[in-house]
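**Q** the amino acid sequence is not available; the structure is as follows:
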């Protein structure tokens, strides 16, 4: 492979696109990382315009550095059709539901190797190859953010079903009369803090974490409860899969010091578990990992 050939990696989120050029041996090329708004809740024309702008931006950066984009790897949150390359979400990117994105990529970047993957599979592979899950063969990755995602890797291979979907999704696991994602997510943290505190100002999980950092006992308790509910709900799955290593990614994972101890208190009872940790490289984890995922068939 010519050393000037690189991979265009794009990590798609409801708020931002993260993107970078990656070498084929897994190094992020200096001065190529970018983050721009994704406008996922806007109309079709604005979403498509921004996606094309991102592709043109990275194409120009590659030209400026005398690099050739010979592969494009894009990770997208689900539900998504990873074979036909189109969104199936009803809460983000709704305006481009069922629109194939692969032809749009080809309009800007002429490339024969273009693939789309589930975002938590990208993060799981990134953790396995480059981050806290290195050296382990049975890994479960949990993504905490707007929603709740999960990825499972065994013996160096992502375990998926139905053309790229996660085999063991945990967001819909039952918790009382509800589902796990209603408790373990941005909205779950907000609702629980409001219920316990009576606070009705502007709020998100990051702000609750900031409250916890300054000693707010209610905020601390909300995160502690999150760890307990998550651990109790997935414990049997972790045992069944004989998971050795659990890693956390996503913005809420940055509050691991508040929910980690209560989570570990339950999960550490597993005879198989050897490591539980948040990832180190939140920004580049998926960007690196998606480049090394196999294309779904």
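**A** Nice, thanks for sending it over. Note that the structure is a prediction, hence the values are computed from the model and not measured. Residues are numbered from 1 along each chain as shown.

**Q** excluding its backbone neighbours, what's nearest residue 146?
**A** Using C-beta to C-beta, 6 or more residues apart in numbering and skipping the chain neighbours, the partner closest in space to residue 146 is residue 186 (5.2 Å). C-beta here means a position set from N, CA and C on the backbone, and glycine is covered the same way.

**Q** same question, residue 190
**A** In space, and not counting its chain neighbours, residue 190 is closest to residue 203: 5.2 Å by C-beta to C-beta, 6+ apart.

**Q** and the one you found, how far from residue 265?
**A** Applying C-beta to C-beta, to the nearest Å, the value for residue 203 to residue 265 is 27 Å.

**Q** quick one: contacts for residue 167?
**A** Applying C-beta atoms under 8 Å, 6 or more residues apart in numbering, we find residue 167 in contact with 152, 159, 160, 161.

**Q** on that earlier part again, out of residue 203 and residue 265, name the residue with the larger neighbour count.
**A** The residue with more neighbours, out of residue 203 and residue 265, is residue 203; 17 against 13, by other C-beta atoms under 10 Å.

**Q** quick check: buried residues in the longest helix belonging to the chain?
**A** Using DSSP state H, we find that the single longest helix of the chain is helix 217-240. Buried positions in helix 217-240, judged by neighbour count with 16 or more other C-beta atoms under 10 Å: 218-231, 233-234, 238.

**Q** what helices or strands is that helix leaning on?
**A** helix 186-197, helix 205-213, helix 256-267 (3 or more C-beta pairs under 8 Å, 6 or more residues apart in numbering; DSSP states H and E).

**Q** quick one: that helix to chain centroid distance?
**A** Relative to the centre of its chain, helix 217-240 is centred 19 Å away, using C-alpha atoms, centre = their mean, to the nearest Å.

**Q** after it, which helix or strand is next?
**A** Remark: after helix 217-240, the chain's next helix or strand is strand 245-249, criterion DSSP states H and E.

**Q** and the angle from that next one to helix 256-267?
**A** Here strand 245-249 runs at an angle of 150 degrees relative to helix 256-267 (axes from the mean of the first three to the mean of the last three C-alpha atoms, to 10 degrees).

**Q** mind listing the strands for the stretch 1-150 of the chain?
**A** With DSSP state E, counting those that start in this stretch as the definition, the stretch 1-150 of the chain shows strands at residue ranges 5-12, 16-22, 34-37, 68-76, 80-81, 86-87, 114-118, 138-144, 148-154.

**Q** what's the closest of these to residue 127?
**A** Residue 127 sits nearest to strand 138-144 of all those, at 5.7 Å, using C-beta to C-beta.

**Q** mind listing what's buried in the closest one?
**A** For strand 138-144, by 16+ other C-beta under 10 Å, it's 138, 139, 140, 141, 142, 143, 144.

**Q** how about the residues you listed in CSV, adding pLDDT and distance to residue 273?
**A** Formatted as CSV, the buried residues of strand 138-144 follow (pLDDT from 0 to 100; distance: C-beta to C-beta, whole Å):
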residue, pLDDT, distance to residue 273
138, 97, 10
139, 98, 11
140, 98, 10
141, 98, 14
142, 98, 13
143, 96, 19
144, 95, 18
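
**Q** turn these into CSV, including distance to residue 165.
**A** CSV is the format used below for those (distance: C-beta to C-beta, whole Å):
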residue, distance to residue 165
138, 20
139, 18
140, 16
141, 15
142, 17
143, 15
144, 20
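
**Q** just to revisit the earlier point, tabulate the strands of the stretch 1-150 of the chain (CSV), appending distance to residue 284.
**A** Listed next are those as CSV, based on distance: least, C-beta to C-beta, whole Å:
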stretch, distance to residue 284
strand 5-12, 9
strand 16-22, 7
strand 34-37, 11
strand 68-76, 12
strand 80-81, 21
strand 86-87, 24
strand 114-118, 16
strand 138-144, 15
strand 148-154, 17
